[in-house]
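Undergrad: give me a 3D structure for the following:
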Amino acid sequence: MKEKTYYVCSNCGFKTTKWAGKCPNCGQWNTLKQENQNKEKSSNLKIIKLDEIESTEVFSYKTNQKQIDEFLGGGFVVGGVYLIAGSPGIGKSTLLLQLSKYLVENSSKVLYISAEESAIQLSLKAKRLNSKIPVLESNDLDDIIFAIKQKYDLFVIDSIHTIYSNDVDSFIGSINQVRLCAQKLIEVAKEYNKTIIIVSHITKEGLIAGPKALEHLVDAVFYLESDDKYNYRLLRATKNRFASTESVVIFKMTESGLNIIEDDFLTYIEDTKELEGKAIGAILEGSYLMFIEIQALCVKSPFGMPRRTSVGFDLNRLNMLLAVIEKRLGLPMFEYDVYLNVIGGFKVNNTLVDMAVVASIISSLKKITMSNNYVFLGEIDLLGNVRKTKLPDILQQKLKNSNVKLLLHENTPNVEKLLKAIL
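TA: Coordinates of the predicted model:
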């Protein structure tokens, strides 16, 4: 057995084989602590062929909520470890209390482990949601591991950044603490076939706080996002070993909790007047089609260099679309200042609104008023072509039965056809 000595920074988790007074990674002084690791070579290796493994059906804990179970891939898988992240106050605890309620109602045994809020604080939320689940109030990793070995099926841990282990000489929430606690929890989950849902904080940049390895260790990573105006919450998967990451679930935040939105069409349009420079764009989120309003204003530029301003849409992409308009349609965009705004305070990173952006610019430039029934959905490339977009069959059927006239690749394959459709 070989013993290897290395030094780990208690602040950032940097590992090195040589001691130094100052951490080379984060620059903090006197944070490198010595750790020993025993390496033992194993002589008992079990190698098996994949086709010789007997396939067994994976059991899942269902919530009996259609959209949620489909999002999860049939339910929470036995032995699966899930990570849910979101901004402070967005509704992570509310969502997990509701999920726990649904699971308990479906005969699953759930234990809510609160390492952040007191049991009294949780009880106030639980009464509002009519959720009656057992709660353990502790942030000691040893207590939590002992609880996981008890006769419960699923465990909600809120949150990983407030749990501590005495085996790590660093403060609560540090990278080393988060990494070790997550590793120990995952090991216990796999060994005892327990399902664990872990809550995580996010940084100002919208990334999961703590070590990047945390996302690689778990089986699924979910983000709870908000639109800040309409009280909608969107549950999105960036990683899921048990289901597709293209599916999403949208909730409406109410006094009684988060209500699942069952309507496939979500409209973020406040003014129904038909005006110049206005176009309705669509974004495909899972099985939902979201309608948003794009407004553009084109005015003669008094300067040699025209001004471009964009709110809620990427400025570089706007410049690209303006170049496509000028090249493919022959419109003198170099003579005009262009102002673009996504109504409602949204920040749209989805390229499917390209057609709506181009349509609103042409509408303002040509002084054309378009019908609100016209909805644009499609990405535009540098050649002026509209890229193909696959809509779910159920959405196609509902669109046929509605008064919406959807313009996409099938009926508007390029910007030349788009101009003719607007005129």
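Undergrad: strands of the stretch 251-400 of the chain, residue ranges please.
TA: Ranges of strands within the stretch 251-400 of the chain are 257-260, 265-268, 278-285, 288-300, 308-311, 336-342, 374-376, based on DSSP state E, counting those that start in this stretch.
Undergrad: lowest-confidence stretch among those strands?
TA: Of all the strands of the stretch 251-400 of the chain, mean pLDDT reaches its minimum on strand 265-268 (a mean of 69).
Undergrad: which of the helices or strands spans Lys125?
TA: Following DSSP states H and E, one finds Lys125 within helix 119-129.
Undergrad: how about residues contacting that helix?
TA: Helix 119-129 is contacted from outside by 93-94, 97-98, 101, 112, 114, 131-133, 135, 137, 255-257, using C-beta atoms under 8 Å, 6 or more residues apart in numbering. Any C-beta I mention is one placed from the backbone N, CA and C, and that applies to glycine too.
Undergrad: list buried members of those by neighbour count.
TA: Neighbour-count burial (16 or more other C-beta atoms under 10 Å) is assigned, among those, to Ser93, Thr94, Leu97, Gln98, Lys101, Tyr112, Ser114, Ser131, Ile133, Val135, Glu137, Gly257.
Undergrad: name the nearest residue to the last one, ignoring sequence neighbours.
TA: Okay, so that is Gly257. Leaving aside its sequence neighbours, Gly257 sits nearest to Leu129 (C-beta to C-beta, 6 or more residues apart in numbering; 4.7 Å).
Undergrad: run a quick neighbour tally on that neighbour.
TA: Number of residues near Leu129 (other C-beta atoms under 10 Å) recorded here: 17.
Undergrad: and if you look at Tyr223?
TA: Neighbour number of Tyr223 under other C-beta under 10 Å is 21.
Undergrad: that one contacts Arg233, doesn't it?
TA: No: using C-beta atoms under 8 Å, Tyr223 makes no contact with Arg233, being 10.5 Å away.
Undergrad: ok so, going back, which neighbours does the next helix or strand after the helix holding Lys125 have in its sheet, and in what orientation?
TA: Once the chain leaves helix 119-129, the next helix or strand it forms, by DSSP H and E, is strand 135-137. Here strand 135-137 has these sheet partners by DSSP bridges: strand 110-114 (parallel).
Undergrad: and the partner strand, how far from the chain's centre?
TA: Taking C-alpha atoms, centre = their mean, to the nearest Å, the mean C-alpha location of strand 110-114 is offset from the chain mean by 23 Å.
Undergrad: circling back to that earlier point, relative to Pro413, which of the strands of the stretch 251-400 of the chain is closest?
TA: Nearest of those to Pro413, taken as C-beta to C-beta: strand 374-376 at 13.3 Å.
Undergrad: give the contact list for Glu276.
TA: Counting by C-beta under 8 Å, 6+ apart, Glu276 has contacts Ser363, Ser364, Lys367, Ile368, Thr369.
Undergrad: for it, name its beta-bridge partners.
TA: Beta-bridge partners of Glu276, as defined by DSSP bridges: Thr369.
Undergrad: so for it, what's the pLDDT?
TA: pLDDT at Glu276 comes out at 91.
Undergrad: how much space between it and Glu379?
TA: From Glu276 over to Glu379 the distance is 25 Å, taken as C-beta to C-beta, to the nearest Å.
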